[in-house]
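Enquirer: what's the 3D shape of this:
(one chain, ligands or ions: 2)
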Amino acid sequence: MARTKSQASVRDQKLAYLKALERKILWLSSWTIHNANHLRKSCDGLKVGGHQASCASVATLMTALYFDVLRPQDRVAVKPHASPIFHAIQYLFGNQSCNKLKQFRALGGAQAYPSRTKDSDEVDISTGSVGLGVGLTLFSSIVQDYVQLHKLTKQEDQPGRMIAIVGDAELDEGNVFEALLEGWKHDVRNLWWMIDYNRQSLDRVVSDKLFQKIKDFFEAVGWQVVILKYGNLQQAAFQRPGGDALRQWIDDCPNELYCALTFKGGAAWRERLLGDLGNVSGIRELLGDHSNNSLQDLMTNLAGHDMESVLDALQSVDSDVPHCFIIYTIKGFGLPFAGHKDNHAGLMNLEQMADFQRSMNVPQGDEWEPFSGMDIDEQGLRKFIESVPFSQGSASRRLDSENVPLPVKLDFRASGTMSTQDAFGRILNDLGRSGSELAKRIVTTSPDVTVSTNLGGWVNQRGIFNRADREDVFDSEKVVSMQKWAMSRNGQHIELGIAENNLFLMLAALGLSGPMFGARLLPVGTVYDPFIARGLDALIYACYQDARFMLAGTPSGVTLAPEGGAHQSISTPLIGMGTPGLTSFEPAYADELTEIMLWGFGHMQEVNGGSIYLRLSTRGLDQPEREMNNTLRNDILNGAYWRRQPAANAPLAVAYCGALADEADAAIQAILEDIPSAGLLAVTSPDRLHANWRDTQSARSREQFVPPSHIETLLRQLPPGAALVSVLDGHPAALSWLASVVGHRSYPLGVSKFGESGDVNGLYQKHRIDTGAILDMAALACLDQTMI
Ligand SMILES: Cc1ncc(C[n+]2csc(CCOP(=O)(O)OP(=O)(O)O)c2C)c(N)n1
Ligand SMILES: [Mg+2]
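Expert: Numbers count the residues shown, from 1 in each chain. Ligands and ions are numbered 1, 2, ... in the order given. Next up is the predicted model:
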């Protein structure tokens, strides 16, 4: 008995600390936003913004999580608009500086949305584009299983829980449901999604009874759904005479009305409840026992604002089954615009903030003081913060992982006719056969296009990953097939359904495995090139987080020909150039691809490295008979080389990329008859060339004697004023800039329309990227020259 009593007093003490912290966190988040908007000098007059209401709805939940529930190995995606709450929490832990809070949303300050790469207080998972952080937690849980089952982590490492704090409107994003279904296929575990069910989005109050639909969706895919609806005050009220009717009234109350009454306050609740339930025995007494203020407290005492209810729910989870918590909250809880439908971007004005400051008991001048005005034993609270599970563990949440040693070269040699897609598959197949460390750390993944993007060979070697062993029924039934499809925990390919968002979130999770779980993986994903656009936001998101992976977009362009039509890609070379953290290549030949892939596996592991995008093709090209040497290798990796060097007086050169090597070659042969000095430039990476050229220009604008960029070195061999005819199976803008590098004239060819099947020749002619089109353009260039 005595023991229970002492346990109770420990719990009471903890609750007192948590409630004090919850108030402080709400205060700090509101003040951070207020300071940024009202007190900090703005030099450009633009709105700063911030979301005080979105923060307020998760203050209790996030306090409970960080100061009691989270363990060091858990990883969290915080809903984007709760960034100030996250930073306030880290400030109290001593992980965030006061200056960064003061500089919230300013250059160098705490970020508008939690950012893994730009914030300094160890954000686990970036958020901002709603829905993506949520999805990423699911794929991270698969990766955690992968590295643990492959024994790539320390044996004593306990699995963490991958946790998303989800705004209820995030559930409108399709990618969340795409992830849910994929998660079901992979039998995910150690996953918690905590829905901040404030029933408000940006513009409006969300539909009634949405929770029932959410519950059904999640239960359909095997999740445990926990609904946290009534706080302790409400539960006590329900025990009184009339309490059942009150509960029923709350349950039946439309969301919009509940929000409106919350905004209006106690008198409005009283009037409405008297009107609706005045005849119910006990209700008048219940209302009579409450002042307007305490009635407001009672009616807004939803479980999401009740520390004990939140703790009870989170602590009672005793399995690794994925959990969805639907947590009733009020947007703007405790702030003057609580419940108002327009409160999303609402900011307290100066007067409201002064009232709020008084109500929070924060002395003037102490606004940033972490422990001021808390009415609690400060020493005890400091000790409590130091002792919570989140504060334990290693100094950094970013774990170290060793680099994977790479071979000096990949032993692949192509001859005859081969496409880059074919070569890609063979290179991986060879790696799959080898026992190298590199092969051990490669994980492939593909959204239902594994076989058609030539990953089949690798999969036959390495098998498919699944937590439970599953035999290949076709194999055991002795049905002949090229493709083995057995699954086991040792497999090194993760097969996904068609959703491209899931591919990129999977690559993001795999590509963060080193810092997240302490085990570096080298992920390789394949996708049909046009469908990069389908998952583009998730691809950009993956790169923004500095996840490291290799992506093969194949087949690409109109070259897919008869199979093409709607499967043709045009703008992907520009996406490759325009996505930070992603270096893109479009090789023509297998030996180029071999060098690029090996370099890529290294680049994925460099501190300042990044991810790789290979734009590949199914078109077979006759492979050049040549030996690789250092000069050629460096040129390929730097983005271009002269296949035919122009002579000093050349009036013209042709530059090509990827699958159009043969057209460019045929054109140059014809041109040489009239212009023997003409050159042929092979471009393997417009992206690398452009980035290096811009960096060089930028350095030159600041300092003297900067060596020329690679493309400058190459193009200086062509006299100024010469014509550069460029051609690629993609948007012409990817190469048209080349002519401006050292003052040539640009004659760009490329594809700017799509959607029609045909044979290669027909399509090339139609899109004017065939040999004839190159010759016509060269003729025009010569004509222009004579007229100048
Ligand atoms: C992909 C994407 N679309 C639109 C937005 C703009 N936006 C930011 S918050 C928001 C509504 C968020 O509502 P909810 O998730 O319920 O969060 P709450 O503020 O209510 O906590 C919208 C539409 C965004 N950030 N990302
Ligand atoms: Mg909401």
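Enquirer: Run through who's touching the helix or strand of the chain with the lowest mean pLDDT.
Expert: In the chain, no helix or strand scores lower on mean pLDDT, DSSP states H and E than helix 473-476, which sits at a mean of 80. Contacts with helix 473-476, where a contact means CB atoms under 8 Å, 6 or more residues apart in numbering, come from 481, 484-486. Bear in mind the C-beta positions are built from the backbone N, C-alpha and C, glycine included.
Enquirer: ok, and for it, which residues are buried?
Expert: For helix 473-476, burial by neighbour count (16 or more other CB atoms under 10 Å) applies to no residue.
Enquirer: for stretch 355-364, same thing?
Expert: Using 16+ other CB under 10 Å as the test for burial, stretch 355-364 gives 356-357, 360, 362.
Enquirer: quick one on the thing from earlier: now secondary structure and distance to residue 259 too, for the contacts of helix 473-476, in CSV please.
Expert: As requested, the contacts of helix 473-476 are exported to CSV (DSSP: H, G, I helix; E, B strand; the rest coil; distance: CB to CB, whole Å):
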residue, secondary structure, distance to residue 259
481, coil, 58
484, coil, 56
485, coil, 51
486, coil, 54
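Enquirer: that older thread, of the buried residues of stretch 355-364, which is the nearest to ligand 1?
Expert: Proximity of those to ligand 1, judged by CB to the nearest ligand atom, is greatest for residue 356, which lies at 19.0 Å.
Enquirer: so where's this protein shaky on pLDDT?
Expert: In the predicted model of the chain, residues 1-3, 43, 787-788 satisfy pLDDT under 70.
Enquirer: Reduced to three states, what does the closest residue to ligand 1 within the stretch 301-450 of the chain come out as?
Expert: Among all residues of the stretch 301-450 of the chain, residue 331 sits closest to ligand 1, at 5.2 Å; criterion: CB to the nearest ligand atom. At residue 331 the chain is in coil, as set by DSSP: H, G, I helix; E, B strand; the rest coil.
Enquirer: Compute the number of surrounding residues for it.
Expert: 31 (other CB atoms under 10 Å).
Enquirer: Which residues are in contact with it?
Expert: By CB under 8 Å, 6+ apart, residue 331 lies in contact with 53-54, 56-57, 198-200, 259, 338-339, 343-344.
Enquirer: Give the closest residue to it in space, chain neighbours not counted.
Expert: residue 198 (3.9 Å; CB to CB, 6 or more residues apart in numbering).
Enquirer: now swap in residue 436 and tell me
Expert: Nearest non-adjacent residue to residue 436, counting by CB to CB, 6+ apart: residue 407, 6.4 Å away.
Enquirer: Give the buried residues for the top helix by length along the chain.
Expert: Looking across the chain with DSSP state H, the single longest helix is helix 2-34. Neighbour counts over helix 2-34 (16+ other CB under 10 Å) mark 14, 16-18, 20-34 as buried.
Enquirer: Now residue 641. Its backbone dihedrals?
Expert: phi -150, psi 160 (degrees, to the nearest 10).
Enquirer: Helices of the stretch 151-300 of the chain, residue ranges please.
Expert: All helices of the stretch 151-300 of the chain, identified by DSSP state H, counting those that start in this stretch, fall at 174-185, 210-220, 232-238, 243-252, 255-264, 266-277, 283-288, 292-299.
Enquirer: cool, the stretch 651-788 of the chain as well?
Expert: Going by DSSP H, counting those that start in this stretch, the stretch 651-788 of the chain shows helices at 661-674, 686-702, 710-715, 733-736, 760-766, 771-787.
Enquirer: of those helices, which approaches ligand 2 most closely?
Expert: helix 686-702 (39.0 Å; CB to the ion).
Enquirer: Counting by contacts, list what that closest one packs against.
Expert: helix 572-578, strand 582-585, helix 630-638, helix 710-715 (3 or more CB pairs under 8 Å, 6 or more residues apart in numbering; DSSP states H and E).
Enquirer: List the buried residues in the shortest one.
Expert: If you call a residue buried by 16+ other CB under 10 Å, then strand 582-585 has these buried ones: 582-585.
Enquirer: give the contact list for the nearest residue to residue 695 once chain neighbours are set aside.
Expert: Of all residues not flanking residue 695 in the chain, residue 709 sits nearest, at 7.3 Å (CB to CB, 6+ apart). Residues in contact with residue 709, defined by CB under 8 Å, 6+ apart, are 689, 692-693, 695-697, 741.
Enquirer: could the residues you listed go into TSV alongside distance to residue 476 and neighbour count?
Expert: Putting the contacts of residue 709 into TSV (distance: CB to CB, whole Å; neighbours: other CB atoms under 10 Å) gives the following:
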residue	distance to residue 476	neighbour count
689	52	25
692	53	18
693	57	21
695	56	12
696	59	18
697	62	13
741	60	21
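Enquirer: Can you add distance to residue 757 and mean neighbour count and give the helices of the stretch 151-300 of the chain back as a markdown table?
Expert: Output for these, formatted as a markdown table (distance: least, CB to CB, whole Å; neighbours: other CB atoms under 10 Å):
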| stretch | distance to residue 757 | mean neighbour count |
| --- | --- | --- |
| helix 174-185 | 28 | 20 |
| helix 210-220 | 38 | 15 |
| helix 232-238 | 63 | 17 |
| helix 243-252 | 57 | 16 |
| helix 255-264 | 50 | 19 |
| helix 266-277 | 64 | 16 |
| helix 283-288 | 71 | 16 |
| helix 292-299 | 63 | 17 |
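Enquirer: Next, format these as JSON lines and append distance to residue 161.
Expert: JSON lines is the format used below for these (distance: least, CB to CB, whole Å):
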{"stretch": "helix 174-185", "distance to residue 161": "14"}
{"stretch": "helix 210-220", "distance to residue 161": "16"}
{"stretch": "helix 232-238", "distance to residue 161": "26"}
{"stretch": "helix 243-252", "distance to residue 161": "31"}
{"stretch": "helix 255-264", "distance to residue 161": "30"}
{"stretch": "helix 266-277", "distance to residue 161": "38"}
{"stretch": "helix 283-288", "distance to residue 161": "40"}
{"stretch": "helix 292-299", "distance to residue 161": "32"}
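Enquirer: Okay then, goodbye and thanks.
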